[in-house]
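In: My questions concern the predicted model and sequence given below.
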Amino acid sequence: MTDSPFRLSLLAPWRRSFQGLCTVLILLTPWISVEGVGLLRIDLASLTIHFGGQILRIEELYLLLIFSLLFGVAFLLITMVFGRVWCGWACPQTTLTDLADGFCQLVGLTNERNRLQGTLVRKLLAHLFFLLLALLVGANLVWYFVPPQRFFSELLQGTLHTGAGISWASITLIVYLDLALIRRLMCSDFCPYGRFQTALADEGTLTLHLPVEESYRCIECNSCVNVCPMSIDIREGFQIECINCGRCLDACRKIMAPGKQPGLIYYHFGTEGHGVRALFNPRTLLLGLVTIVLTVTLLYSVSHRQTVSLKVSVSHLVAARILPDGQLATFFNTWVNNRSAEPASYRLIARTTPEHSPLTLRGQSLELNLKPGENQKLDVVLLSENNPNGVDVEFVLIDNSNQATALTAARVTPVDRSSN
C-alpha cells in the first residue's frame, strides 16, 4: 500500500463541514424564493407545489410522478455506489445525534449504554438543549408547508393555524424523545435503510473496512472500537450496523501517524479490492442510464410546460335559455391558472369551430390579471344560435401580444323552445 495523502489525512473536518452544509440547506430552503415563488414548498391551501421557482398545480402532478421516479432510481443508484455513507455523512438523524452528543460532552456528560451519566443539573441542561433542537426541527419541517415569514407572524399574533401548531408540537415531541431516549438505536435497531442497503451492496459498493492484508499491522489499540458511535469492531469485517462515518478511520490514522505509517482502515469500492473499475457493472450502469433519462425527461417537461391553463365546463346550476332576440344563452364556468412565475394578463374570447367565427361572451370581466400561480374562476354566458344540431365552440385565452396561449373545446347543445 502506498502512503498517499488521502490515506494519511483526517476525514472528521470534511464530514462536519458536509453535515453543516446539508443542515444549512435544509434550514434555508424554505426561506428562499425565486421571483416570489418558493424554492420548495407544498401549499395545501391552493393545492400547489412550489418547486425550483415553479408552481405546480394538482393537475400537473405527472411532474411530481416523474420526480418521484427519478428520486427513487437515484436513491437506488447512490445506495448501490456509496453504501451507507449517507448514514454517516448526510442523514439528519446522524447530524442531530452528533449535535446532541457534542453538547453532552461539552457539559461533562458521558453516555453508557445509551443513557446519560452525570449530575442532575447537567442532565437538565442536556434535555433543555434537546427540546430547543426539537423545536427548531419541528418548525423547519412546518416551514415547508407554511412560509416561515408567515409562520412567525402568525405565531407572534397567536393566529397560527391549528393544523400547523399541532404538526409543530407533534414533530417536536417525536424529535425530543428520539434525542432523549433513542439516539443511535435508531440507526442500529429501527432504521430499515441499513437492511435495505445490504441487499443492494455488490462488488462495486463503497465500504469502510480493514483489508485482510493490512491486519498484520494492527497493534490492537482498540481506538477504532472506542470511537465507534455504533459500538462495533471494524476488524470483524463488514457489519450491517456500520454507518460509514469514518471515525474509526481517523482514530487509526492518529495512532499510526507517530510511526509514519498510514492507517489500516479506509474507504474502498467493493470488498474485493477492484477499485473504481468495480463500478462498471451492469446493475450500476443500467441505473445510471435510467437516472440520466429521467433527469432529462423532468427538465424537458418542466421547461416546456404550458405557462397558462384553461378549463371550461357547462354550469349545472343555471340552465341554458333562449333570449327574446332568439339567441341561445349558455352558462359556463371557466378556470384560468397562471402557471408562470410572472404576473400575466389575458382576455377570454369564444369562437365557433372549425370556422373560427367570433361569438359573444357576457358576464364577469373578461380582462384577466393573474398573479404568479394564481387560479381564477369566471362565470360567463356564451351567446350563440340555437342550432338544432348544436354548436362546437372554442374558448381561447389571448395574451398581451395578441397570441393564443391556451384553448379548450366545448359544445353548446340546443334548447327546445317549447320548454324555454
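Out: Yep, that arrived.
In: Have a look at this protein and report its longest helix.
Out: Looking across the chain with DSSP state H, the single longest helix is helix 120-143.
In: Can you point out the buried residues in it?
Out: Using 16 or more other CB atoms under 10 Å as the test for burial, helix 120-143 gives 122-123, 125-126, 129-131, 133-135, 137-143. For every residue, glycine as well, the C-beta is placed using N, CA and C.
In: Check which helices and strands the next helix-or-strand element following it sits against.
Out: Next helix or strand after helix 120-143 toward the C-terminus (DSSP states H and E): helix 148-157. The criterion is 3 or more CB pairs under 8 Å, 6 or more residues apart in numbering; DSSP states H and E, and the helices and strands that helix 148-157 contacts are helix 120-143.
In: Show residues contacting the helix it packs on.
Out: 26-27, 30-31, 41, 92, 96, 99-100, 103-104, 107-109, 116, 148, 151, 164, 167-176, 179-180 (CB atoms under 8 Å, 6 or more residues apart in numbering).
In: Mean confidence (pLDDT) on stretch 369-380, please.
Out: Average pLDDT, stretch 369-380: 86.
In: Do me a favour and get the end-to-end distance for it?
Out: 17 Å (CA to CA, to the nearest Å).
In: how far is that stretch from where the chain is centred?
Out: 28 Å (CA atoms, centre = their mean, to the nearest Å).
In: try stretch 261-268
Out: The answer for stretch 261-268 is 35 Å, by CA atoms, centre = their mean.
In: which residues in the stretch 251-400 of the chain form helices?
Out: Using DSSP state H, counting those that start in this stretch, the helices of the stretch 251-400 of the chain run over residues 282-303.
In: on that earlier part again, now the longest helix of the chain and helix 148-157, what's the angle there?
Out: Inter-element angle recorded for helix 120-143 and helix 148-157: 120 degrees (by axes from the mean of the first three to the mean of the last three CA atoms, to 10 degrees).
In: Narrow the contacts of helix 120-143 to just the buried residues.
Out: Buried positions within the contacts of helix 120-143, assessed by neighbour count (16+ other CB under 10 Å), are 26, 30, 41, 96, 99-100, 103-104, 107, 109, 116, 148, 151, 164, 167-168, 171-172, 175-176, 179-180.
In: between the helix or strand hosting Tyr176 and helix 148-157, how many degrees?
Out: Using DSSP H and E, Tyr176 sits in helix 162-177. Interaxial angle, helix 162-177 versus helix 148-157 (the same axes, to 10 degrees): 90 degrees.
In: what does the helix or strand following helix 162-177 rub up against?
Out: Following helix 162-177 in sequence order, the next helix or strand is helix 185 (DSSP H and E). Contact with helix 185 is made by Asn114, as judged by CB under 8 Å, 6+ apart.
In: now Asn369, nearest residue through space, not along the chain?
Out: For Asn369, ignoring the flanking residues on the chain, the nearest one in space by CB to CB, 6 or more residues apart in numbering is Ser345 at 5.1 Å.
In: tell me, how many neighbours does Cys87 end up with?
Out: Residues lying near Cys87 (other CB atoms under 10 Å) number 21.
In: follow-up on the earlier one: residues contacting the helix holding Tyr176 from elsewhere in the structure, which ones?
Out: Against helix 162-177 from outside (CB under 8 Å, 6+ apart): 96, 130-131, 133-135, 137-139, 141-142, 145-146, 151, 154.
In: Same check on stretch 186-196?
Out: 79, 84, 86-87, 91, 93-94, 97, 178, 182, 230, 240-241, 243.
In: if we can go back for a sec, distance from the chain centre to the helix holding Tyr176, please.
Out: 20 Å.
In: Quickly find the element holding the residue lying closest to Leu298 once chain neighbours are set aside.
Out: Using CB to CB, 6+ apart and skipping the chain neighbours, the partner closest in space to Leu298 is Ile66 (4.9 Å). Counting by DSSP H and E, the element that carries Ile66 is helix 61-82.
In: From the contact counts, what lies against that helix?
Out: Secondary-structure packing of helix 61-82 (3+ CB pairs under 8 Å, 6+ apart): strand 48-51, helix 193-200, helix 282-303.
In: For the ones you listed, give me TSV that also has mean neighbour count.
Out: Conversion of the helices and strands packed on helix 61-82 to TSV gives the following (neighbours: other CB atoms under 10 Å):
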stretch	mean neighbour count
strand 48-51	21
helix 193-200	14
helix 282-303	14
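In: separation between Leu298 and Leu160?
Out: Remark: distance between Leu298 and Leu160 (CB to CB, to the nearest Å) = 34 Å.
In: Val37 now?
Out: 23 Å.
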